[in-house]
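A.B. asks: based on what follows, work out the 3D shape:
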Amino acid sequence: MMDPHWRKALRILHAGFAMLEPPWHDLFVAAVVGTASALAVSGFKLALFTLETLLVGAHGGHLVEAARSLPPVPRAIAPATGALAAGLLLWLAERGHPPAPISKTKSGDYIEAVAIGNGHLDMRRGFLKVAASMLVVSTGGAVGREGAMVLLAAMLASILGRLLGHASDLRLVVSCGAAAGLAAAYHAPLASAVFVAEILLGSLALAQLGPVVVAAAVAFGVSIVLGESAVLLPVPLIAMPNTAQVMLILALSLLGGMFGAGLTCWLRAARSVFERSNLTQPLAFAIGGLVVGILSLWRPEVWGNGYSSIQQQLTAPGEATVITLVLLLKLIAIGASAGSGAPGGVFTPTLFTGAAVGALAAATLAGLGLSSTPEPVYAVVGMAVLLAATTHAPVMSALMIFEMTGQYTLLPLLLPACVLATVVSRQLVPVSIYGLKGPGDMGS
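C.D. replies: All right, here's what the predicted structure looks like:
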């Protein structure tokens, strides 16, 4: 039963909100959604990092270092244990009914709610996904933690939209929440707004874009106030490549488009394998986690979403043989975790793949004498083109990477590279990575 004082406060808020002119009440609710989303993302990070410390001894989200310090047996079984716990959580939440095969499990996320729905989200299912994702990610699962952050922000936005009733377009409010959550997670407000425009809402009217931009900008600002850095992946300023390098990078973007299409097909194939197995959800999750754990015995970098490895590829990439091995093992781990349906995103794992492909290209060019050193520009471009090739959203991808790295001078190069990669990928695989639906898919 809601406290009478809260009821009165909500009535006053609703009455005052309804008095605002249409353009202004949309911007007002967008600012509120942006603030709430940033606080939610910050709280999620704090809870996740605390859980990682308790379960595997990680500090500040550095799962790879935690994996490296663990003995072989705990390192191998930790991801399976967390994934099994996540599967059991989702199973027990179904009131003790026998767990359905993963191919029969219902799927619902904020992308569906905005793209083909009316903005209504299943709150119970959503919060369970967030909790299950924390268990998977905190024990080394090879999925992104940011997917749960964005889902949490979108759910809070949906709650706010319902409280406001008919005074607000729920679909637009949830879009603002998704953009705000993405901006707080990746420190890329402009790209987050374009993400909503390109992927969630499709053809977005200018009147709708305003609130989405406001929500993303406010979320980013609140994150900075809370102590987050303005640039998520700081890289020393990269000079604009010369003409020969530009032509070489554009040629490599065509290969990036092929690789992105291959990554989409690989995730689809991994998902298909688990669906055909007809395993129950807890067992499927556990097997996916066990694959990650076993692979981590060779290279601990397969743990987690790949964030620490991205930083390494941008600043101090290793030898080509090491990059190749880590990339291959990580791709298997991503396929195992995401294919099993374990709740989490594939956005950051895609960025890792792009950074590794770019660093490998740089090392190869240096070995051929076409480059003096393995230059970080190739890893930056690699992230952009792989993201574009898998999402089929070239503008968002270019903006996302230059905001995340602070390399504003590279935008004139990133845009055409992302367009080329998208064109190639679309020709090979018409459906983007967001067409891969599974019970654990959170859209980012």
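
A.B. asks: which other helices and strands does whatever helix or strand residue 271 lives in contact?
C.D. replies: Per DSSP states H and E, residue 271 falls inside helix 243-277. Helices and strands touching helix 243-277, as assessed by 3 or more C-beta pairs under 8 Å, 6 or more residues apart in numbering; DSSP states H and E, comprise helix 281-295, helix 320-339, helix 347-367, helix 377-391, helix 411-428. C-beta coordinates here come from the backbone N, C-alpha and C atoms, glycine included.

A.B. asks: let's have the ones you listed in JSON lines, adding mean pLDDT and mean neighbour count.
C.D. replies: Output for the helices and strands packed on helix 243-277, formatted as JSON lines (pLDDT from 0 to 100; neighbours: other C-beta atoms under 10 Å):
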{"stretch": "helix 281-295", "mean pLDDT": "95", "mean neighbour count": "25"}
{"stretch": "helix 320-339", "mean pLDDT": "94", "mean neighbour count": "22"}
{"stretch": "helix 347-367", "mean pLDDT": "90", "mean neighbour count": "25"}
{"stretch": "helix 377-391", "mean pLDDT": "94", "mean neighbour count": "30"}
{"stretch": "helix 411-428", "mean pLDDT": "95", "mean neighbour count": "21"}
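
A.B. asks: nearest to residue 29, out of those?
C.D. replies: helix 347-367 (25.8 Å; C-beta to C-beta).

A.B. asks: quick one: neighbours of residue 62, just the number.
C.D. replies: Number of residues near residue 62 (other C-beta atoms under 10 Å) recorded here: 16.

A.B. asks: now it: phi and psi?
C.D. replies: Backbone geometry at residue 62, expressed as degrees, to the nearest 10, gives phi -90, psi 80.

A.B. asks: now the nearest residue to residue 261 once chain neighbours are set aside: how far from residue 263?
C.D. replies: In space, residue 261 comes closest to residue 428 once its chain neighbours are excluded; the distance is 3.8 Å by C-beta to C-beta, 6 or more residues apart in numbering. Separation of residue 428 from residue 263 (C-beta to C-beta, to the nearest Å): 11 Å.

A.B. asks: so for residue 260, what's the pLDDT?
C.D. replies: What the model reports as pLDDT for residue 260 is 94.

A.B. asks: which residues sit in contact with it?
C.D. replies: By C-beta atoms under 8 Å, 6 or more residues apart in numbering, the contact set of residue 260 is 385-386, 388-390, 421, 425.

A.B. asks: again, but for residue 302
C.D. replies: Per C-beta under 8 Å, 6+ apart, neighbours of residue 302: 142, 292, 295-296, 326, 329-330, 332-333.

A.B. asks: and which of those is nearest residue 133?
C.D. replies: Looking across the contacts of residue 302 and measuring by C-beta to C-beta, the closest to residue 133 is residue 142, at 12.6 Å.

A.B. asks: surely that closest one touches residue 329?
C.D. replies: No. Applying C-beta atoms under 8 Å as the test, residue 142 and residue 329 come out as separate, 9.7 Å apart.

A.B. asks: that older thread, wait, the residue nearest to residue 261 sits on residue 254?
C.D. replies: No. Using C-beta under 8 Å, residue 428 makes no contact with residue 254, being 11.2 Å away.

A.B. asks: rewinding a little: any chance of the contacts of residue 302 in a markdown table, plus distance to residue 217?
C.D. replies: As requested, the contacts of residue 302 are exported to a markdown table (distance: C-beta to C-beta, whole Å):
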| residue | distance to residue 217 |
| --- | --- |
| 142 | 32 |
| 292 | 36 |
| 295 | 40 |
| 296 | 39 |
| 326 | 36 |
| 329 | 39 |
| 330 | 33 |
| 332 | 39 |
| 333 | 35 |
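
A.B. asks: separation between residue 124 and residue 93?
C.D. replies: 8 Å.

A.B. asks: what do you get for residue 188?
C.D. replies: Where residue 93 is concerned, residue 188 sits at a distance of 33 Å (C-beta to C-beta).

A.B. asks: for stretch 400-417, measure first residue to last.
C.D. replies: 14 Å (C-alpha to C-alpha, to the nearest Å).
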